[in-house]
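**Student:** pasting the sequence and the predicted coordinates here, then a few questions.
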Amino acid sequence: MSSIKDLKSRGKKRGRLQRQVVSELNTLVRDIERCEKTIVDLQGETHGGDANYPNPAHHTAWMLAYLTDLLKCATKKLAWEKQIASSRSGRRPRCRKWRNC
């Protein structure tokens, strides 16, 4: 049978673990919100490029500007995808600890 001291110690340990889990979840929520904003911004830039250059094939200068804008969007998207990949790999080991709460 466990003593009161042992029970208090376990309770404190679980409390610390639960606070850590809540903190990590809050961080994850902020990451998700930032990703949503990035997605919306990228969609806006992509659609903006399409609107600014309705038919870029008619003019070489328009085509070049359109492709430059498209490349900027692609670069941002690649950076975002790298961020998501690193975020995923960093979260998996922590999620295993959450099951113990």
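**Tutor:** Ah, there it is. Residues are numbered from 1 along each chain as shown.
**Student:** which residues in this structure form strands?
**Tutor:** With strands called from DSSP state E, the chain shows none.
**Student:** elements contacting the longest helix along it?
**Tutor:** The longest helix of the chain (DSSP state H) is helix 4-52. Packing partners of helix 4-52 (3 or more Cβ pairs under 8 Å, 6 or more residues apart in numbering; DSSP states H and E): helix 60-98. To be clear about C-beta, it is placed using only N, CA and C from the backbone, and glycine gets the same treatment.
**Student:** okay, now Glu36: neighbour count?
**Tutor:** Glu36 has 10 neighbours, counted by other Cβ atoms under 10 Å.
**Student:** against Leu67, how distant is it?
**Tutor:** Going from Glu36 to Leu67 by Cβ to Cβ, to the nearest Å gives 27 Å.
**Student:** flag the shaky bits of this structure, pLDDT-wise.
**Tutor:** Within the chain, the segments meeting pLDDT under 70 span 1, 49, 56-57, 89-101.
**Student:** what sits against Gln43?
**Tutor:** Applying Cβ atoms under 8 Å, 6 or more residues apart in numbering to Gln43 gives no contacts.
**Student:** let me fix that: Ile39
**Tutor:** Counting by Cβ under 8 Å, 6+ apart, Ile39 touches Trp80.
**Student:** tell me the angle of the longest helix of the chain relative to helix 60-98?
**Tutor:** Angle, helix 4-52 to helix 60-98, by axes from the mean of the first three to the mean of the last three Cα atoms, to 10 degrees: 170 degrees.
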